[in-house]
Every structure is written in C-alpha cells, then in structure tokens.
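1. from the sequence below, what's the structure:
(2 chains)
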Amino acid sequence: MSEGVQDIVADWSSDQRAFKKVPWGKAMMWIFLLSDTFIFTCFLTSYMTVRMSTTVPWPNPSEVFALTLFGHHIPLILIAIMTFILISSSGTMAMAVKFGYEKNKKMTAILLVVTALFGASFVGMQAFEWTKLIVEEGVRPWGNPLGAAQFGSAFFMITGFHGFHVSVGVIFLLITATKVIRGDLDNERPGFLTGRKGNYEMVEIMGLYWHFVDLVWVFIFAFFYLW
Amino acid sequence: MAHAEGQQHPISIYFWIWGLLFVFSAGSYMVDYLQFHGFLRWSLIILFMLLKAGFIVAIFMHMRWERLALVCAILIPMGVLLVLIGLMAIEADYTFFTRGIFFGAG
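-> Sure thing, here's the model as predicted:
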C-alpha cells in the first residue's frame, strides 16, 4: 500500500480522533459545508431538471440581466460585477486568516471588515437585481412574461438561498472582527453562546464558510447565468 | 501558547490565486459577451468553473495542505451527487419526450 493509503487506514482506525492535527471546529465546519453542498446541488439539479424538461423556451439570462450603463447596453454586466466583488472578498478573507495566525490583530480585523463590506455590497446588488426583475420585468415564482414559468421559481430559490448565506456570513464576519479587535482570541475569552475559548482557528473556520459561499456562486454563475 | 496546527503560507500565493480567479471570471464572462454557442460555449463555461472551484478549494480553503483522511472524507461523498445529476438528467429527458408526445400532438 502507498504511504497515503496507509495514513488513511491508520487515521480512520485510531481511537478518539480520525482527523489528526485538524482542530475539531474546522473538521465540523467541513462536515457542515459538505451537507450544504448537498442542499445547493439539490437546488441546481432540480433547476437542471425543470429546464431540460420544459417545452416552453427558457428566458435568455444574457438579456434578462443586461443593464444599460452610460448609454451602452451591456449583457450580464451586474452579475459580472457581483462575481468580481465576491472573488475579491474571498481574497481579503484568505489574507485575514494568514494575518490571524501571525497574531496581527489590526490587519486581521481590517481585512475581516473589508470582506464584510464586499459581502454587504454583493447583497445590495442582489436586492437591486431582485427589485428590477420583480417590479420592471414582472417575474414571479409561478410565472413570467419572458418564457418558461419555472425560470422564476428556480431563480428566486437558488439566488435567494445563496443571498441568505452571504447575509449570515456578513453578520458572522462582523462578530469575528469584533472578537479579534477586542483581543478575545489572544486572551482565550469564552464565547457568548458556546463558552468555547477564543483562538485564531476561529478566523480560519470563518474563512472556510466564506470561501464556500464564493464557491457556490461559481457554480450558480456558470449554470444559471451563463448557460 | 504555540499553535503548530495553523495554516501558514506566504501572502504572495493568495495574490496569485486572486489574480487567476479574476482572469478565469473574465474568461467566462467573455464567453457570454462574445456570444459563443453550442459545444464551445458549454465546454468553456465548465472549464472555467472547474478551474475556479479547484483553486478556491485547494488554496483558499487550504485543502491542498490537509491530511488525506480529511480530504477523502469531504470530496468522495460529493461523487454521489454526480449519480443524482445523471439520474435526474435521464428523468428530465424522458419528461421532455413525453410532453412532446402528449402536448405536441394535440
């Protein structure tokens, strides 16, 4: 057996702890993200099913999400901007984790707040997009004037659930930033709800969640907006 | 108190990946902007999507540096989802076929 396979067998068959050298909070966040992957895949798969099986033409997302900026008609531009914003927030988050492990409180907190601001602007643009679709285009979960009725239900369900994830992430980013700047992670101050002692692994666990939100958007962007 | 378990990597790698993700996103946007269609369109969309997802998971989420036991525990169950997608694609195809027969003929 190769060394990697032997490691897996040894880890899984050992007492007490399968994920060696992995803080349990991080392992549990990964398990949560795995379950979240299943939820989002169910949404995207049902979207695939209704889109493949409908006999009515599907609305062209490139046109539906086009905007006229400075007199130019640009397809899908708002979604492209939202994509770049979310990727940038992932970049600042990754750096916040790095500065966290270096115990650089100031940089960590600043980068966490910048990440939260990117996230909040993403949700803001999504609210704008929803308003435009509902008020101007007349898209409803049960039908729309552009084509297949399933377009609305798939759109509101998928982007709504993703936007909810981003919103929750923004709240927890601000909570984590507060803990960092207050020195809770240096002083191992117990958390408000759980009583867990603070440490800088919390920033990395927060980061895992945030990168996952970005990851889901990669798939939504590809399958819902570009396809 | 020493934390030997933390993930410590040079900051340059995050800037590199950030830049790459921008390039891939711009690439997938161009697929729409230039109005590619058919095989070229969806193969490029999937290529850019998988590249972006891979770099986010491997570098930003540090999966590349995790132990194989954790990597397998997270990535292997996702294979089940491919089965679900395959089954639902067959089912949707069949629904489309029957709708064509029963709605189209009338």
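
2. now the strands for the chain?
-> Assuming you mean chain A. A:67-69, A:72-74 (DSSP state E).

3. state the mean pLDDT of the top helix by length along chain B.
-> Using DSSP state H, we find that the single longest helix of chain B is helix B:79-104. In this model, helix B:79-104 has a mean pLDDT of 91.

4. quick check, that helix touching chain A?
-> Yes. Judged by C-beta under 8 Å from any C-beta of the partner chain, helix B:79-104 and chain A are in contact via B:81, B:84-85, B:88-89, B:91-93, B:95-96, B:99-100, B:103-104. Every C-beta, even on glycine, is put in place using the N, C-alpha and C of the backbone.

5. phi, psi for A:Asp15 please.
-> When read as degrees, to the nearest 10, the backbone of A:Asp15 gives phi -70, psi 150.

6. show me the shaky parts of chain B.
-> B:1-5, B:104-106 (pLDDT under 70).

7. switch to 80 and redo it
-> B:1-7, B:104-106 (pLDDT under 80).

8. in it, which residue is most central in space?
-> B:Leu50 (3.9 Å; C-alpha atoms, centre = their mean).

9. could you measure from B:Pro77 over to A:Val9?
-> 18 Å (C-beta to C-beta, to the nearest Å).

10. ok, B:Ile59 next?
-> For B:Ile59, the distance to A:Val9 - C-beta to C-beta - is 28 Å.

11. and those two? which has more neighbours close in?
-> B:Ile59 (21 against 12; other C-beta atoms under 10 Å in any protein chain shown).

12. excluding chain neighbours, what is closest to the more buried one?
-> Using C-beta to C-beta, 6 or more residues apart in numbering or on different chains and skipping residues adjacent in sequence, the residue nearest B:Ile59 is B:Ile17, 4.7 Å away.

13. just the buried positions in the strand or helix carrying the one you found, please.
-> For B:Ile17, the enclosing helix or strand under DSSP states H and E is helix B:11-33. For helix B:11-33, a neighbour-count test (16 or more other C-beta atoms under 10 Å in any protein chain shown) marks B:Tyr14, B:Ile17, B:Trp18, B:Leu21, B:Phe24, B:Ser25, B:Ser28, B:Tyr29, B:Val31, B:Asp32 as buried.

14. gap between the two ends of stretch A:183-202?
-> 13 Å (C-alpha to C-alpha, to the nearest Å).

15. show me the contact partners of it.
-> A:23, A:25-26, A:100-101, A:103, A:105, A:176, A:179, A:182, A:203, B:3, B:5-6 (C-beta atoms under 8 Å, 6 or more residues apart in numbering or on different chains).

16. how far away from the center of its chain is it?
-> Taking C-alpha atoms, centre = their mean, to the nearest Å, the mean C-alpha location of stretch A:183-202 is offset from the chain mean by 24 Å.

17. and what of stretch A:29-49?
-> Taking C-alpha atoms, centre = their mean, one finds stretch A:29-49 lying 12 Å from the centre of the chain it belongs to.

18. cool, and stretch A:54-64?
-> 26 Å.

19. now swap in stretch B:85-96 and tell me
-> Taking mean C-alpha positions (C-alpha atoms, centre = their mean), stretch B:85-96 and its chain are 21 Å apart.

20. again with stretch A:108-123
-> 13 Å.

21. so who does A:Gly138 touch?
-> Per C-beta under 8 Å, 6+ apart, neighbours of A:Gly138: A:Asn144, A:Pro145.

22. and the residue nearest to A:Trp142 when sequence neighbours are not counted, backbone torsions?
-> Nearest residue to A:Trp142, sequence neighbours excluded (C-beta to C-beta, 6+ apart): A:Ala149, at 6.4 Å. The phi/psi pair for A:Ala149 (degrees, to the nearest 10) reads phi -60, psi -30.

23. neighbours of A:Ala149, how many?
-> A:Ala149 - counted by other C-beta under 10 Å - has 15 other residues nearby.

24. isn't it right up against A:Trp58?
-> No. If you go by C-beta atoms under 8 Å, A:Ala149 and A:Trp58 don't touch, sitting 10.5 Å apart.

25. CA atoms only: put the helix holding B:Ile17 into CSV for me.
-> Extracted in CSV, the C-alpha atoms of helix B:11-33 (Å, rounded to 0.1, in the frame of the first residue of the first chain):
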residue,chain,number,x,y,z
ILE,B,11,0.9,36.0,1.2
SER,B,12,2.0,36.0,-2.4
ILE,B,13,0.2,32.8,-3.1
TYR,B,14,-3.1,34.4,-2.2
PHE,B,15,-2.5,37.3,-4.5
TRP,B,16,-1.6,34.9,-7.3
ILE,B,17,-4.8,32.9,-6.9
TRP,B,18,-6.8,36.1,-6.6
GLY,B,19,-5.4,37.3,-9.9
LEU,B,20,-6.0,33.9,-11.5
LEU,B,21,-9.6,33.9,-10.3
PHE,B,22,-10.1,37.3,-11.9
VAL,B,23,-8.7,36.0,-15.2
PHE,B,24,-11.0,32.9,-15.2
SER,B,25,-14.0,35.0,-14.3
ALA,B,26,-13.2,37.5,-17.1
GLY,B,27,-12.8,34.5,-19.4
SER,B,28,-16.2,33.0,-18.5
TYR,B,29,-17.8,36.5,-18.9
MET,B,30,-16.3,36.8,-22.3
VAL,B,31,-17.9,33.6,-23.4
ASP,B,32,-21.2,35.3,-22.9
TYR,B,33,-20.1,38.7,-24.2
